[in-house]
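A.B. asks: with the input below, show me the fold.
(one chain, ligands or ions: 2)
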Amino acid sequence: MTEGYLFKVIVVGDAGVGKTSLTIRFAHGYFIDSYLMTIGVDLYTKNVDLGIGKPVKLQIWDTGGQERFKKLRPLYYKGAAGGLLVYDITNRNSFKHLKDWFDEVQKYCGKIPLILVGNKVDLIKNRKVSVSEEKRLAESFKIPHYRTSAKTGENVNDVFLKLAKFIYETSIGGKNI
Ligand code: G3D
Ligand code: MG
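C.D. replies: Ligands and ions are numbered 1, 2, ... in the order given. Here you go, the predicted structure:
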């Protein structure tokens, strides 16, 4: 009998956009497992309640600042059930590079559930990406879009929960545990 689900979640985007901060903000206070740290990946796990009567565990893989380290990629992407595509709303380049990140995820993982995440919304006054640009990109990727702040916590839980639901509903990559 199925007792629950385990979803591997990846968080991709340029260095400095806040991937580690978002992950730690979400997983804070829960068991942190860093056994892959030596190969440049930190692993965080957190249970989420999707109201489905079975536990869902998110296992979040965070690169240890080696976003562009090619050798790590196959391992990092292998078996990912879904992911966050993160940019920094105050950094135009991080937005421009999203297409590359999107293509890379598709190359290694196929069509897994993804969410577009504009982080650092607490710095909205310094935004360098317009609402219409964000909207257009999310539409072209056909994925939902959120703005978050790892600093204030705004939308952080929601975005991971939304992704967990999205993965569950599409039932791709969920493993029984
Ligand atoms: P990364 O894992 O994608 O490389 P980090 O990004 O989580 O290491 O964050 C990079 C920097 O951005 C950090 O600042 C971090 O504190 C900051 N940061 C992350 N999320 C937010 C946010 O939501 N709002 C604001 N204002 N800052 C954020 P430092 O100064 O340590 O480089
Ligand atoms: Mg990091």
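
A.B. asks: what helices and strands are in contact with the lengthiest helix in the chain?
C.D. replies: Identified as the longest helix of the chain according to DSSP state H is helix 156-170. With contacts defined as 3 or more Cβ pairs under 8 Å, 6 or more residues apart in numbering; DSSP states H and E, the packing partners of helix 156-170 are strand 5-12, helix 19-27, strand 41-48, strand 56-63, strand 82-88, strand 114-119, strand 145-147. For every residue, glycine as well, the C-beta is placed using N, CA and C.

A.B. asks: just the CA trace of the second one, in PDB.
C.D. replies: Going back to what we said before, that points to helix 19-27. In PDB, the C-alpha atoms belonging to helix 19-27 read as follows (Å, rounded to 0.1, in the frame of the first residue of the first chain):
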ATOM      1  CA  LYS A  19      17.900  30.000  -4.500                       C
ATOM      2  CA  THR A  20      19.600  29.000  -1.300                       C
ATOM      3  CA  SER A  21      17.800  31.700   0.700                       C
ATOM      4  CA  LEU A  22      14.400  30.500  -0.600                       C
ATOM      5  CA  THR A  23      15.200  26.900   0.100                       C
ATOM      6  CA  ILE A  24      16.400  27.600   3.600                       C
ATOM      7  CA  ARG A  25      13.500  29.900   4.300                       C
ATOM      8  CA  PHE A  26      11.100  27.200   3.300                       C
ATOM      9  CA  ALA A  27      12.900  24.300   5.000                       C
END
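
A.B. asks: ok, back up a step: out of the helices and strands packed on helix 156-170, which gets nearest to ligand 1?
C.D. replies: In terms of Cβ to the nearest ligand atom, the element of the helices and strands packed on helix 156-170 nearest to ligand 1 is helix 19-27, at 3.3 Å.

A.B. asks: how many neighbouring residues does whichever residue of the chain sits closest to ligand 2 have?
C.D. replies: Sorted by distance to ligand 2 under Cβ to the ion, the residues of the chain start with Thr20, at 3.3 Å. The local packing count at Thr20 equals 18, with neighbours defined by other Cβ atoms under 10 Å.

A.B. asks: next one: Arg92
C.D. replies: Applying the criterion other Cβ under 10 Å, we find 14 residues in the vicinity of Arg92.

A.B. asks: and the nearest residue in space to the residue of the chain closest to ligand 2 that is not next to it in sequence, what are its bridge partners?
C.D. replies: Beyond its immediate neighbours in the sequence, the residue positioned closest to Thr20 (Cβ to Cβ, 6 or more residues apart in numbering) is Asp62, lying 5.5 Å away. Applying DSSP bridges to Asp62 yields these beta-bridge partners: Asp42.
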